[in-house]
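1. got a predicted structure plus its sequence, pasted below:
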Amino acid sequence: MLASAHREGERERWFTLHAAYAPVPPPAPAPRGDAYRWSRWLSLIPSSFRPRLSPVRLVAICNHKGGVGKTTTVMNLAAALARRGRRVLLLDIDPQACLTVHLGFELGEGTSIYQVLTGGMPLREAVRTTAEPNLALVPSDLELAGAEMELASAIGRESLLKDALHGYLEEEPYDYVLIDCPPSLGLLTINALCAVREIFIPLQTEFLALRGMGRLVEVVTLIRRRLNPLLRVTGIIPTLYRSGTLLAREVTEEIKRHFGSYVFTTKIRNNVRLAEAPSHGKSIFAYAADSLGAQDYERLAQEVEAMPAAATKPITHIHASHEDPAAPEEPAAPEVA
Ligand SMILES: Nc1ncnc2c1ncn2[C@@H]1O[C@H](COP(=O)(O)OP(=O)(O)OP(=O)(O)O)[C@@H](O)[C@H]1O
Ligand SMILES: [Mg+2]
């Protein structure tokens, strides 16, 4: 009796030891569905010829000049696309947080893009639904003003937004992601330009509209070369257009001379309703659906939707007379003997 109990104990010990030291069997293979088979086939095709698996359009609305209509354009273009049934995600990466306020959110409540960039918080935690149908927002925060300093020595600091966004887009299908950039070419804007494939540049149709554009094109070219080869300037949006004035017509002609087919046909006219809508926390469609502003942004949305995929050639040059004289020059390459 005692002997058999001892043998049982030995057996149990042997099994326990065996279980502890035996090689762990490989996990059962996950069921492989259509997606797996497609990805195997696609991996055999050179990447430049692969069809796009995800149809999402990632667009940064960017101009380092202040007050040219970036936020107004992000808000109302997004609302127009959302009303056409597109799922749109907005990212406010401007520390001024105008887009966040425009959508009626209080600052400093809940998770914002600041925690995503500096604290590694998943983007999903920061996404808010808005009063507009199909429109979600990742809000900004005044704290974001210090983010560039905080991230100055972070490894991979240029791709923090890209990593957070692309991970989230694998879970959530959107048709458009629009990023409202701050009026600077600092780390926040560079993060936006690393995360997107397209840039729309709003240009105010005023005297010296093209001043400083040389610097922007230069930065885009550098980012394309070093960080994001997919990046393209795909559209120039004439904004704050004063209908009936000679100056607005001439400036628009000049913009077209420089950027040709990249300039949207739609001009966003000066319209007081567009300036009033933010204080009501509404898009132009919710605030004044029959205004000129609503008509212009609806037309712009139609153009954006109709853009051919081929409209993605890079803009790499600009007329020398419009180079920003204040912009620092690229250091000349050292001569090699
Ligand atoms: N088409 C327009 N008609 C009338 N007012 C406009 C129009 N577009 C923008 N505005 C107003 O001009 C001001 C600047 O616009 P907006 O905030 O969109 O520019 P921005 O480029 O985002 O500025 P910032 O560089 O400071 O972020 C705002 O008060 C806005 O309401
Ligand atoms: Mg703005």
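-> Sure thing, it's come through. Numbering: from 1, shown residues only. Ligands and ions are numbered 1, 2, ... in the order given.

2. rest of the way, CA atoms for contacts and neighbours
-> OK.

3. for the residue nearest the centre of the chain, name its beta-bridge partners.
-> Against the mean C-alpha coordinate of the chain, by CA atoms, centre = their mean, the closest residue is residue 179 at 4.0 Å. On the basis of DSSP bridges, residue 179 takes part in beta bridges with residue 60, residue 91.

4. so what's it up against?
-> Taking CA atoms under 8 Å, 6 or more residues apart in numbering as the criterion, residue 179 is in contact with 59-61, 74, 90-93, 192.

5. go with 10 Å
-> 58-62, 70-71, 74-75, 89-94, 99, 137-138, 189, 192-193, 195-196, 199 (CA atoms under 10 Å, 6 or more residues apart in numbering).

6. repeat for residue 134
-> Residue 134 makes contacts with 78-79, 81-89, 174, as judged by CA under 10 Å, 6+ apart.

7. so where's the protein shaky on pLDDT?
-> Counting by pLDDT under 70, the chain shows low-confidence ranges at 1-54, 309-337.

8. buried set for stretch 197-212?
-> Buried positions in stretch 197-212, judged by neighbour count with 16 or more other CA atoms under 10 Å: 197-206, 209-210, 212.

9. up against ligand 1, what does the protein have?
-> Among all residues of the chain, those adjacent to ligand 1 (criterion: CA under 6 Å from any ligand atom) are 65-72, 182-183, 239-240, 268-272, 274-275.

10. now do 5 Å
-> Listed as neighbours of ligand 1 in the chain under the rule CA under 5 Å from any ligand atom: 66-72, 183, 240, 269-272, 275.

11. all helices for the stretch 151-300 of the chain, in order.
-> In order along the chain, the stretch 151-300 of the chain carries the following helices (DSSP state H, counting those that start in this stretch): 160-171, 187-195, 213-226, 246-259, 272-276, 284-287, 292-306.

12. highest mean neighbour count out of those helices?
-> The densest packing among these, expressed as mean neighbour count by mean count of other CA atoms under 10 Å, is seen in helix 187-195 with a mean of 24.

13. now do that helix against helix 213-226, angle only.
-> Here helix 187-195 runs at 50 degrees with respect to helix 213-226, directions being taken by axes from the mean of the first three to the mean of the last three CA atoms, to 10 degrees.

14. which elements pack onto helix 187-195?
-> Under the contact criterion of 3 or more CA pairs under 10 Å, 6 or more residues apart in numbering; DSSP states H and E, the helices and strands touching helix 187-195 comprise strand 57-61, helix 147-150, helix 160-171, strand 176-180, helix 213-226.

15. what sits up against the third one?
-> Here helix 160-171 makes contact (CA under 10 Å, 6+ apart) with 54, 56, 58, 89, 91, 93, 113, 116-118, 120-124, 151, 154, 156, 159, 172, 177, 188, 190-196.

16. just the buried residues of these.
-> Buried members of these, scored by 16+ other CA under 10 Å, are 56, 58, 89, 91, 93, 113, 116-118, 121-124, 151, 159, 177, 188, 190-196.

17. picking that back up, closest one to residue 303 out of the contacts of residue 134, please.
-> residue 81 (10.7 Å; CA to CA).

18. now do the closest one: how many residues are near it, please.
-> When neighbours are counted by other CA atoms under 10 Å, residue 81 registers 23.

19. so what's it up against?
-> By CA under 10 Å, 6+ apart, the residues touching residue 81 are 87-88, 134-135, 175-176, 297-298, 300-302, 304-305.

20. now residue 191
-> Neighbour list for residue 191: 93, 117, 157-163, 181, 185 [criterion: CA under 10 Å, 6+ apart].

21. excluding its backbone neighbours, what's nearest it?
-> In space, and not counting its chain neighbours, residue 191 is closest to residue 158: 4.9 Å by CA to CA, 6 or more residues apart in numbering.

22. hmm, residue 193 and the one you found touching each other?
-> Yes: Residue 158 sits in contact with residue 193 when judged by CA atoms under 10 Å, with a separation of 8.9 Å.

23. give me the common contacts of the two.
-> Between them, residue 158 and residue 193 have 187, 223, 227 as joint contacts when contacts are counted by CA under 10 Å, 6+ apart.

24. give me the neighbour count for the closest residue to residue 86 other than its chain neighbours.
-> If you skip the residues right next to it in sequence, residue 86 has residue 175 as its closest partner in space, 5.8 Å away by CA to CA, 6+ apart. If you count neighbours by other CA under 10 Å, residue 175 ends up with 16.

25. does residue 175 touch residue 84 like I think?
-> No: shown here, residue 175 and residue 84 do not form a contact pair, counting by CA under 10 Å, at 11.2 Å.

26. name the residues of stretch 62-74 that are buried.
-> With burial defined by 16+ other CA under 10 Å, the residues of stretch 62-74 counted as buried are 62-65, 68-74.

27. in a markdown table: those, plus secondary structure.
-> Shown next, in a markdown table, are those (DSSP: H, G, I helix; E, B strand; the rest coil):
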| residue | secondary structure |
| --- | --- |
| 62 | coil |
| 63 | coil |
| 64 | coil |
| 65 | coil |
| 68 | coil |
| 69 | coil |
| 70 | helix |
| 71 | helix |
| 72 | helix |
| 73 | helix |
| 74 | helix |
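
28. need those in TSV with distance to residue 129, can you?
-> Supplementary listing: those in TSV, determined by distance: CA to CA, whole Å:
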residue	distance to residue 129
62	24
63	27
64	28
65	30
68	27
69	23
70	21
71	18
72	19
73	19
74	16
